[in-house]
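Colleague: Sharing a model prediction with you, sequence too.
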Amino acid sequence: MRNLSIALALAMNAFGEAGTDAALLIALAYIIQVQSAAWYVRFTDRLFGPPAAA
């Protein structure tokens, strides 16, 4: 979460008036990234099979 706030602040300052659009795009990309990681964890066993017994 700390990196998200840093990225949003940099986008707001670096892109001037377009910074709000850039910050919105970064926030949406973060949401998509977190959700896709959650789906990957959920479907790992289906994709690669169950873990081998130790």
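Modeller: Sure, I can see it.
Colleague: so who does Pro51 touch?
Modeller: Asp45 (CB atoms under 8 Å, 6 or more residues apart in numbering). The C-beta positions use only the backbone N, C-alpha and C, and glycine is treated the same way.
Colleague: Tell me the pLDDT of it.
Modeller: You'll see Pro51 listed with a pLDDT of 84.
Colleague: same deal with Asn3?
Modeller: 84.
Colleague: how about the strand or helix carrying it: buried residues?
Modeller: Using DSSP states H and E, Asn3 falls within helix 2-14. Judged by neighbour count using 16 or more other CB atoms under 10 Å, the buried positions of helix 2-14 are 7-8, 11.
Colleague: Dump stretch 15-26 to CSV, restricted to CA.
Modeller: C-alpha atoms of stretch 15-26 as CSV (Å, rounded to 0.1, in the frame of the first residue of the first chain):
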residue,chain,number,x,y,z
PHE,A,15,2.0,15.0,-15.1
GLY,A,16,0.6,18.4,-14.1
GLU,A,17,-3.1,18.7,-15.1
ALA,A,18,-3.1,15.1,-16.6
GLY,A,19,-1.9,13.9,-13.2
THR,A,20,-5.4,13.1,-12.0
ASP,A,21,-6.0,10.8,-15.0
ALA,A,22,-2.6,9.2,-14.5
ALA,A,23,-3.4,8.6,-10.8
LEU,A,24,-6.8,7.1,-11.6
LEU,A,25,-5.1,4.8,-14.1
ILE,A,26,-2.5,3.7,-11.5
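Colleague: which outside residues touch that stretch?
Modeller: Applying CB under 8 Å, 6+ apart, the external contacts of stretch 15-26 come out as 4, 7-8, 11-14.
Colleague: Give me the buried positions along the host helix or strand of Gln33.
Modeller: Element membership of Gln33, judged by DSSP H and E, is helix 19-48. Across helix 19-48, burial judged by 16+ other CB under 10 Å covers 19, 22-23, 26.
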